[in-house]
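Enquirer: sequence-free structure coming up:
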Ligand code: NAP
């Protein structure tokens with residue numbers, strides 16, 4: 001049972017974040033649906049409230065310190081002290097190393113690494129005060145290396161070290177930290193990758209599925225299921241782990 005827990009899911013207007021937010025809502029948590037554009041969160045909020053849950057749309061840029069501070073304070077005031085945090089917001093700015101701009105490097109580091117740091121630093125005080133917490137960070141199979149993603153793979157590998165250190169520092173407060181490393185999941189992000197490569201999405205899906213042992217692409221709900229487990233009351237002895245959710249072994 002996960003009653004009376006308040007969760008923040010970043011980048012939850014769509015894709016994997018929206019699926020995680022809906023799932024934590026159906027698990028009985030109050031959910032802050034956080035994304036850059038507050039209005040864009042309406043669909044996820046309505047899905048949660050329509051199913052009998054409680055949710056709040058929060059507009060914030062996870063890479064901006066003042067925005068993060070204000071957002072976490074607002075969640076604590078309007079929904080309850082956040083003791084579950086899912087750092088899911090993400091962007092891609094793919095290019096081969098020799099063509100990659102400093103702006104594209106910085107933008108990716110800003111959202112994934114700086115964003116997860118700022119959100120976690122702001123939220124952990126509520127977890128420590130409550131003596132209970134769950135942090136889930138979205139890594140990726142790209143952490144193992146992926147052509148055209150030197151910025152993204154470095155950020156996603158960085159999140160694995162970030163996760164393990166959180167687990168070590170926050171364990172004494174009954175706060176766990178784990179990472180999920182998804183493989184190929186069907187969202188707007190992967191549609192954008194197909195477009196960059198000039199491959200129709202349907203063909204891209206088929207090519208991807210052929211490489212995946214279970215023979216299909218992942219869906220956002222595959223990731224939401226794993227996040228639900230890691231955020232559950234019973235997962236308190238699982239910490240500092242990276243779970244590859246990729247339809248087969250990856251590391
Ligand atoms: P998505 O469909 O592109 O959704 C990402 C969400 O994050 C968007 O709503 C986006 O808002 C939001 N966002 C971006 N920058 C933000 C910021 N600075 N502050 C707050 N929100 C921000 O991506 P997805 O495929 O669901 O991916 C979710 C996470 O899983 C990401 O961390 C991604 O790297 C990771 N992942 C995805 C896959 C995959 O195959 N899809 C695989 C491995 C890992 P806007 O729409 O306003 O930009």
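Expert: Done, it's in. It should be emphasised that the depicted structure is a prediction, and the values quoted were computed from it without experimental measurement.

Enquirer: how about the residues of this protein by the ligand?
Expert: 10-11, 13-17, 35-37, 61-63, 88-91, 111, 115, 138, 140, 182, 184-185, 187-190 (C-beta under 6 Å from any ligand atom). All C-beta atoms are positioned from the backbone trio N, CA, C, and that covers glycine.

Enquirer: put the buried members of the residues you listed into a ChimeraX selection.
Expert: Restricted to buried positions by 16 or more other C-beta atoms under 10 Å, the ChimeraX selection for those reads:
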select :10,11,13,14,15,16,17,35,36,61,62,63,88,89,90,91,111,115,138,140,182,184,185,187,190
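
Enquirer: take the residues of the chain next to the ligand and keep only those in helices.
Expert: Those of the residues of the chain next to the ligand mapping onto helices are 15-17, 115, 188-190, per DSSP state H.

Enquirer: max pairwise distance over these: which two?
Expert: Taking C-beta to C-beta, the two most distant members of these are 115 and 190; they sit 20.4 Å apart.

Enquirer: please work out which residues outside the helix or strand of the chain with the lowest mean pLDDT touch it.
Expert: Of all helical and strand segments in the chain, the minimum by mean pLDDT, DSSP states H and E falls on helix 188-197, at a mean of 90. Helix 188-197 is contacted from outside by 14-15, 90, 92, 94, 184, 200-201, 204, 217, using C-beta atoms under 8 Å, 6 or more residues apart in numbering.

Enquirer: now the residue nearest to the spatial centre of the chain: how far from residue 55?
Expert: By C-alpha atoms, centre = their mean, the chain has its centre lying nearest to residue 88, at 1.8 Å. Taking C-beta to C-beta, to the nearest Å as the measure, residue 88 falls 15 Å from residue 55.

Enquirer: then residue 203?
Expert: With distances taken as C-beta to C-beta, residue 203 is found 37 Å from residue 55.

Enquirer: more neighbours: which of the two?
Expert: residue 55 (27 against 10; other C-beta atoms under 10 Å).

Enquirer: give me every residue that touches that one.
Expert: So residue 55 contacts 21, 25, 30-33, 44-45, 48-49 (C-beta under 8 Å, 6+ apart).
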